[in-house]
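**Q** Provided below are the primary sequence and the corresponding predicted coordinates.
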Amino acid sequence: MTGEWLFFKQLAVLAISPLGTSFVLIFVALALFLRRSRRACSVSLVAAVAWLWLWSTPLASDALRGWIEAQAGPRGLTGLQPVEVMVVLGGGVSGAYPPQRPNPDLGRSADRVWHAARIYQAGLAKRIILSGGIVPTGNDSEAEAMGKFLADLGVPAGVMTMEKRSTSTTENALNVKDLLASDGTEKVMLVTSALHMLRARRCFENAGLEVVPAPTDFEVIPVPFDTLRLLPDAQALEGSSRAFKELVGWLAAGWQKFSFSPKFEGFLD
């Protein structure tokens, strides 16, 4: 992936985030100011501040992320139906980068790999496909890094298949579909973060696979109302940005189903 592509990709992700939208409104306000449209300029500035404030509050951020996570599927192992193949999506473990980082790094979404180990050890899946390509922060692919983690958790190497080319959720789905084409498997248990499941499931269904969702990494838990939750918080803004990305990606994957073009949704990963 070229540097120019990465730049425009990150720019697109920023543009759909609350922070990016607020910047757009500020630029609009500046243009209106230069055109001496003072009232419209004021409205645009107030909208920019209000929008940014809203999605910076823990109250709004948790409400949006909690709603998305509520659509993800069962929490824990209860209710999961046994399948032949489990697919674990990358994004939670980065490959080693010697000498600065001699071992894989467990990120915020490493729960995906831990949950996959629990599912396998409970006898709910016989084979595991680890899907994730090489990212700039590691020398190994995400699939290989997850494989090392799973091996340390007691999962036999013989049950794991590495899909090491994917750089987006759409590619995860298409490449896994190709891997399964030889044995005719069309039903998979999908393991990913709860916030990502809505979009990921749609991508895999678009690829023609039946999905048994097995979400993990739930972020939002019920907390009593507190007026402090109405104050801006950097972590809440970051959470809102990820939620916006997932919702737009989910909508794009819906469009992809009818347009047969994976490019736009993949651009968001």
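**A** Arrived safely, thanks for sending. Numbering: from 1, shown residues only.

**Q** Nearest residue to the middle of the chain?
**A** Geometric centre of the chain, nearest residue: residue 196, 4.1 Å, by Cα atoms, centre = their mean.

**Q** Now name the helix or strand holding it.
**A** Under the criterion of DSSP states H and E, residue 196 resides in helix 194-206.

**Q** helices or strands next to that helix in the packing?
**A** In this structure, helix 194-206 makes packing contacts with helix 58-70, strand 83-89, helix 169-180, strand 187-193, strand 210-216, helix 234-259, judged by 3 or more Cβ pairs under 8 Å, 6 or more residues apart in numbering; DSSP states H and E. (Glycine included, C-beta is placed from N, CA and C.)

**Q** Can I get it in PDB, CA atoms only?
**A** Only the C-alpha atoms of helix 194-206 are listed here, as PDB (Å, rounded to 0.1, in the frame of the first residue of the first chain):
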ATOM      1  CA  ALA A 194     -18.300  -6.300  19.500                       C
ATOM      2  CA  LEU A 195     -18.000  -2.800  18.000                       C
ATOM      3  CA  HIS A 196     -16.700  -4.200  14.700                       C
ATOM      4  CA  MET A 197     -19.100  -7.200  14.500                       C
ATOM      5  CA  LEU A 198     -22.000  -5.400  12.700                       C
ATOM      6  CA  ARG A 199     -19.800  -4.300   9.800                       C
ATOM      7  CA  ALA A 200     -17.700  -7.500   9.700                       C
ATOM      8  CA  ARG A 201     -20.800  -9.800   9.700                       C
ATOM      9  CA  ARG A 202     -22.200  -7.900   6.700                       C
ATOM     10  CA  CYS A 203     -18.900  -8.200   4.800                       C
ATOM     11  CA  PHE A 204     -18.800 -11.900   5.400                       C
ATOM     12  CA  GLU A 205     -22.400 -12.400   4.400                       C
ATOM     13  CA  ASN A 206     -21.800 -10.300   1.300                       C
END
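
**Q** picking that back up, does the residue nearest to the centre of the chain touch residue 246 like I think?
**A** Yes. Counting by Cβ atoms under 8 Å, residue 246 is a contact partner of residue 196 at 6.2 Å.

**Q** Give the bridge partners for residue 89, please.
**A** Under the criterion DSSP bridges, residue 89 forms beta bridges with residue 131.

**Q** I appreciate the help and will end here.
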